[in-house]
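Undergrad: turn this into a model:
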Amino acid sequence: MANPTTNLTLTKPTVGGSSDTWGDELNTLIDAIDDLFAAAGTGTSVGINVGSGKTLTVAGTITVTGTANIDHDALTNFVANEHIDHSSVSISAGGALTGGGDITTNRSITLDVNALTEDEFPDEAADYLLAYDTSASEHKRILIENIAHDALYGFVETEHVAHTSISISGGEGLSGGGDITTSRTLNVDIGGLTALSSVDKDADYVMVYDADATEHKKVLAVDMPATVDQHMMARAVEQSTLLSVDTNIMGRIYAPPGSSWSVVAAKAYVDTAGTTGATTIDVHKNGTTIFSSNLSIASGGTASTGGTLDGAQTFADGDYLEIDVDAVSTSAPRGLQVLLQLRATY
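TA: Numbers count the residues shown, from 1 in each chain. Next comes the predicted model:
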């Protein structure tokens, strides 16, 4: 019996055997070798060693089910720059971006506008904004001054009107105004109103300022107060003249005609204060004092205190007032004015 080969178990021809035996054994051997090259690659398992300087050419397909020890870096067309350790390569986010990291895994880059330094004084003619151009399907930059004001979100056409086309005009009882390209002033213009020759006291109004409510209001003519206060300042002695005790120092002051008046208050002022002792001022009506306590200017003072009226002091046609200096400071004051508050009753 022929001895089989070690690796492929091929039958060796029997030494000294007959030609028929050799023929059978050679045919078996050739068939076994031919099986190694079956078209589907299903032939007998075989180990191949391609020695140095030798070439293994494969035009078909190599199917590897075991271990293939092929040196990747020694393969034809290997480019070292195309094979780099991913842990040594990173994606970094700069400017308005955040995120990144090495490329051993997926990384995210995020827009981070809040991380930017604020430009508090942008130059409209030189600075840009980032925008997306939908017509070109790409991001672009826009010069700030090229942004269309009227196309911005929230633009309301009626809020943007040429100031030259809008004017403020003074209507009834007012004057002034003009277009709003600059500040304008409106003034009360009573003189521009049509005169009312006959007042209907139960229907016509007068405009007044309510000091308690701090606002303007209207008052029916019939509701207007029957009394009106007026103040009269009388210069009794010139500024540089020393005061001395005297009566009727400036002549008579007669009542305004046509109305019923009352003296409701009085006050005296000197231009230069006197010293040492008080200066006393009295006011007489038709020769009789109107005070129960006269006006008194203290030493070193310029305005009077006191001056308590002696009852109601009516002041009708023909009545007159006179001013007396009853006493002066040791060092006399200079100048004298007397303020009278008069109330008219209608």
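
Undergrad: okay, helices next: where are they in the stretch 1-150 of the chain?
TA: Secondary structure of the stretch 1-150 of the chain (DSSP state H, counting those that start in this stretch): helices at 19-35.

Undergrad: how much space between the nearest residue to V113 once chain neighbours are set aside and L321?
TA: Using C-beta to C-beta, 6 or more residues apart in numbering and skipping the chain neighbours, the partner closest in space to V113 is A96 (5.7 Å). From N, CA and C alone the C-beta is placed, and that goes for glycine too. Using C-beta to C-beta, to the nearest Å, A96 is found at 88 Å from L321.

Undergrad: who has more neighbours out of the two?
TA: L321 (24 against 13; other C-beta atoms under 10 Å).

Undergrad: off-centre distance for the helix or strand harbouring that one?
TA: Here L321, judged by DSSP states H and E, is contained in strand 320-327. Computed by C-alpha atoms, centre = their mean, to the nearest Å, the chain-centroid distance of strand 320-327 equals 66 Å.

Undergrad: could you verify that D282 is part of a strand?
TA: Yes: according to DSSP: H, G, I helix; E, B strand; the rest coil, D282 belongs to a strand.

Undergrad: contacting residues around it?
TA: By C-beta atoms under 8 Å, 6 or more residues apart in numbering, D282 lies in contact with T289, F291, N294, L295, I323, D324, V325, D326.

Undergrad: ok, so of those, who is nearest P333?
TA: V325 (9.9 Å; C-beta to C-beta).

Undergrad: can you list the contacts of D282 in CSV and add distance to V15 and neighbour count?
TA: Listed next are these as CSV, based on distance: C-beta to C-beta, whole Å; neighbours: other C-beta atoms under 10 Å:
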residue, distance to V15, neighbour count
T289, 178, 16
F291, 173, 17
N294, 173, 21
L295, 169, 24
I323, 175, 26
D324, 179, 17
V325, 176, 21
D326, 178, 15
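
Undergrad: may I see those organised as CSV, with distance to S165 and pLDDT added?
TA: Listed next are the contacts of D282 as CSV, based on distance: C-beta to C-beta, whole Å; pLDDT from 0 to 100:
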residue, distance to S165, pLDDT
T289, 70, 96
F291, 67, 95
N294, 68, 96
L295, 64, 97
I323, 64, 96
D324, 69, 96
V325, 69, 97
D326, 72, 96
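
Undergrad: which strands border the one helix or strand S292 maps to, and is each parallel or antiparallel?
TA: Here S292 sits within strand 291-297, counting by DSSP H and E. Strand partners for strand 291-297, identified by DSSP bridges, are recorded as strand 279-285 (antiparallel), strand 305-309 (antiparallel).

Undergrad: in a markdown table: those strands, plus mean pLDDT and distance to S87.
TA: As requested, those are exported to a markdown table (pLDDT from 0 to 100; distance: least, C-beta to C-beta, whole Å):
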| stretch | mean pLDDT | distance to S87 |
| --- | --- | --- |
| strand 279-285 | 96 | 106 |
| strand 305-309 | 94 | 99 |
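
Undergrad: what domains does the record give for the protein?
TA: 1-44, 122-152, 196-221, 227-345 (automatic domain parsing).

Undergrad: pick the most deeply packed of those domains.
TA: domain 227-345 (a mean of 16; mean count of other C-beta atoms under 10 Å).

Undergrad: list the contacts for S108?
TA: Applying C-beta under 8 Å, 6+ apart to S108 gives the contacts G99.

Undergrad: please report how far it lies from G95.
TA: Separation of S108 from G95 (C-beta to C-beta): 16 Å.

Undergrad: then K54?
TA: Using C-beta to C-beta, one gets 57 Å for the distance from K54 to G95.

Undergrad: got the residue ranges for the strands in the stretch 151-300 of the chain?
TA: Using DSSP state E, counting those that start in this stretch, the strands of the stretch 151-300 of the chain run over 167-169, 174-179, 186-188, 205-210, 215-220, 227-242, 253-254, 260-269, 279-285, 288-289, 291-297.

Undergrad: tabulate the ones you listed (TSV), appending distance to I30.
TA: Below are the strands of the stretch 151-300 of the chain laid out as TSV (distance: least, C-beta to C-beta, whole Å):
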stretch	distance to I30
strand 167-169	119
strand 174-179	117
strand 186-188	126
strand 205-210	133
strand 215-220	128
strand 227-242	149
strand 253-254	162
strand 260-269	152
strand 279-285	160
strand 288-289	167
strand 291-297	156
